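Trainee: give me coordinates for this.
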Amino acid sequence: MAALLLGAVPAAAQAPDPRIGLRAGWMDAGEAARNMALVSHTPRPAGFIDPQDMNNFGLINADLAFHGNTTFMGGFHGIQIYDMTDVRRPRLRGTIVCPGGQGDVSVHRNLLFMSVEETRGRVDCGTAGVRDTVSAERFRGVRIYDISNLDSPRQVATVQTCRGSHTHTLVPDPRDSSHVYIYVSGTAPVRPGAELAGCSGARPEQDPNTSLFRIEVIRVPLANPQQARIVSMPRIFADAAGNIAGLWRGGRHGEGTQETAETDMCHDITVYPEMGLAAGACSGNGIVLDIRDPANPRRIAEATDPNFAYWHSANFSNDGRKVIFTDEWGGGVAPRCRASDRPQWGANAIFNLTAQRRLQLASYYKLPVAQTDTENCVAHNGSLVPVPGRDIMVQAWYQGGISVFDFTNPAKPVEIAFFDRGPMSTTEVVVGGYWSAYWYNGHIYGSEIGRGLDVFELRPSEHLTQNEIDAARLVREETFNPQLQTRIVWPASFVVARAYLDQLKRSDGLPRARSTAVTSALDRAERLSGAARRTALNTLAAQLTRDAAGSRDAARVRMLASTVRDIAAGRRQASAAD
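Mentor: Numbering: from 1, shown residues only. Modelled structure (predicted):
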């Protein structure tokens with residue numbers, strides 16, 4: 001039954017999984033891969049690693065952000081900046097030593113943002129920590145750096161918040177390019193009001209102005225980032241009666257269910273500005289927000305799940321009709337992918353987002369191979385892989401490695417590629433593995449907590465053709481930030497058309513003879529130019545439109561026809577839903 005829920009291939013049909021029994025080790029662990037290959041591995045630099053203690057939590061890597069050929073790696077000791085002009089030979093450009101938590105990062109033009117949550121965080125970025133319970137030296141919130149000169153980043157602003165910033169989300173305003181917003185997700189205890197005025201950790205029935213049950217929204221004027229400030233603290237968990245603690249109150253959902261955290265915070269909020277939507281993974285609930293007014297997000301949908309312990313992160317499909325929420329059961333530091341663990345726990349929950357803005361559960365996806373008792377493993381951060389016509393996600397699973405899976409059919413997600421290393425230790429749980437795995441401009445980047453920065457490329461297989469990989473590589477972005485999705489648009493290209501045609505062959509969406517004829521017609525048209533090419537392509541597009549009427553995969557035939565028509569017209573092709 002679990003295999004059906006997870007969309008897995010029956011064990012009898014698979015070759016032995018090479019992830020099982022990998023050699024343990026820190027920098028010499030065994031490796032296993034299928035349908036993806038390691039391009040480069042860059043160990044943590046001096047100052048960001050303790051050779052005597054691979055489990056030194058104060059130095060581990062965390063999340064990634066990208067701008068141009070530069071990769072920013074946040075971490076508990078600060079930020080590493082890499083020049084990725086040659087992905088096979090990454091070059092450390094510089095570092096920012098600034099402890100204070102996992103140091104999540106995002107970037108916008110010449111500004112770099114960093115989350116700070118731990119009580120050891122200092123205003124001056126010092127490494128000595130803060131001893132006093134109340135101190136003017138403590139910083140917890142969001143730092144803003146000017147990175148116009150990457151060789152000398154300069155802190156230009158700090159915004160203090162009551163719970164600090166565990167994560168944050170950069171939110172562009174499609175109507176105003178002179179500002180960006182930062183949604184602050186704080187998960188730590190509230191600091192004393194004596195340290196930051198207005199902070200209160202009281203329950204709402206004791207203090208209606210409690211710092212719990214809210215997020216903070218920071219407005220950043222791009223021309224004057226030093227004027228960044230909190231402009232709203234929306235109560236996005238309130239019920240219709242105005243009770244600010246209006247969602248899941250914590251506890252079990254019934255016999256044999258998970259014990260789910262109370263919804264008094266968000267861990268991650270993923271925004272999709274072109275859709276005017278955000279998906280919040282908010283401890284006890286998954287929620288959907290209307291963010292058309294980015295300073296005042298408004299909840300429009302919510303879901304609970306008896307299999308979820310802690311709603312951690314979220315991703316939309318490119319058309320905005322599906323949402324994947326992750327459950328960080330065990331907090332990321334426990335082994336939660338063992339053979340004895342339920343496949344619906346510590347997994348992804350895939351929801352359809354209906355036209356009525358309701359979340360409907362479709363299925364679960366969990367790493368389909370068991371991990372050992374010493375490997376911290378649970379669903380964590382990932383992103384879409386921009387293959388046209390399909391919903392594919394690459395995702396980090398801590399010491400479970402990286403998994404690439406297809407959720408085009410949300411009821412039957414299927415793994416199509418993976419990379420994994422053996423455990424850090426065979427005798428104890430040493431926290432390690434992948435914090436995040438993201439697709440950026442043709443490659444997959446993995447932030448390996450204890451080992452460094454990895455770069456991968458996908459390889460063709462029965463699940464993914466070279467045309468599909470090449471079509472994904474055509475999508476180029478100047479910037480990628482975690483928790484900020486932008487609409488994927490493909491160029492009008494013969495490669496994109498052939499990717500759709502490969503998918504039709506895989507699904508038997510066209511008779512074999514017809515697929516062969518379309519392939520030949522595309523090849524002939526590509527050899528032509530000018531008016532002759534346009535005529536050939538428009539003729540083929542018209543034929544494909546007629547083919548769609550009798551196809552078992554009519555939607556994809558129409559996508560192919562639209563792409564062929566766009567090639568003829570020299571237009572860019574929007575998302576598959578357009």
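Trainee: the domain parsing of the chain - what is it?
Mentor: Per the record, the chain has its domains at 19-480, 494-568, by automatic domain parsing.
Trainee: which of those domains is buried the deepest?
Mentor: domain 19-480 (a mean of 20; mean count of other Cβ atoms under 10 Å). Quick note: C-beta positions are derived from backbone N, CA and C, even for glycine.
Trainee: for the closest residue to Pro297 other than its chain neighbours, give me the pLDDT.
Mentor: Once flanking residues are discounted, Pro297 sits nearest to Leu289: 4.3 Å by Cβ to Cβ, 6 or more residues apart in numbering. Note for Leu289: predicted pLDDT of 98.
Trainee: could you do Ala11 as well?
Mentor: 38.
Trainee: residues contacting Tyr181?
Mentor: 170-173, 217-220, 294-295 (Cβ atoms under 8 Å, 6 or more residues apart in numbering).
Trainee: ugh, wrong one, Trp345
Mentor: So Trp345 contacts 258, 307, 309, 327, 329, 336 (Cβ under 8 Å, 6+ apart).
Trainee: equivalent analysis for Ser152, please.
Mentor: Here Ser152 is in contact with no residue (Cβ under 8 Å, 6+ apart).
Trainee: now it: phi and psi?
Mentor: Reported as degrees, to the nearest 10, the phi and psi values for Ser152 are phi -150, psi 70.
Trainee: just the one 3 residues further on next, same as before
Mentor: According to degrees, to the nearest 10, the main-chain angles of Gln155 amount to phi -70, psi 130.
Trainee: in the stretch 1-150 of the chain, where is pLDDT below threshold?
Mentor: 1-14 (pLDDT under 70).
Trainee: tell me which of the contacts of Trp345 fall in strands.
Mentor: With strands defined by DSSP state E, the entries of the contacts of Trp345 inside them are Asp327.
Trainee: determine which two of the contacts of Trp345 are furthest apart.
Mentor: Pairwise distances across the contacts of Trp345 peak at 12.2 Å for Asn307 and Arg336 (criterion: Cβ to Cβ).
Trainee: now do the end-to-end distance for stretch 147-160.
Mentor: Terminal residues of stretch 147-160 are spaced 21 Å apart (Cα to Cα, to the nearest Å).
Trainee: nearest to Ile488, of the domains of the chain?
Mentor: domain 19-480 (4.6 Å).
Trainee: which SSE is the residue nearest to Ile416 when sequence neighbours are not counted in?
Mentor: Distances taken as Cβ to Cβ, 6+ apart put His463 closest to Ile416, at 3.7 Å, once the chain neighbours are dropped. His463 belongs to no helix or strand when assigned by DSSP states H and E.
Trainee: so who does His463 touch?
Mentor: 35, 406, 414, 416-417 are the contacts of His463 under Cβ under 8 Å, 6+ apart.
Trainee: ok, which stretches of the stretch 351-500 of the chain are strands?
Mentor: For the stretch 351-500 of the chain, strands defined by DSSP state E, counting those that start in this stretch occupy the ranges 359-365, 382-385, 392-396, 402-406, 414-421, 434-440, 443-448, 452-458, 479-480.
Trainee: quick one: the strands in the stretch 151-300 of the chain, in order.
Mentor: Going by DSSP E, counting those that start in this stretch, the stretch 151-300 of the chain shows strands at 154-160, 167-173, 176-185, 216-221, 229-232, 251-252, 259-260, 268-272, 277-282, 285-290, 298-303.
Trainee: now render the contacts of Trp345 as CSV, adding pLDDT and distance to Ser363.
Mentor: Output for those, formatted as CSV (pLDDT from 0 to 100; distance: Cβ to Cβ, whole Å):
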residue, pLDDT, distance to Ser363
Gln258, 97, 17
Asn307, 98, 11
Ala309, 98, 18
Asp327, 98, 14
Trp329, 98, 17
Arg336, 98, 19
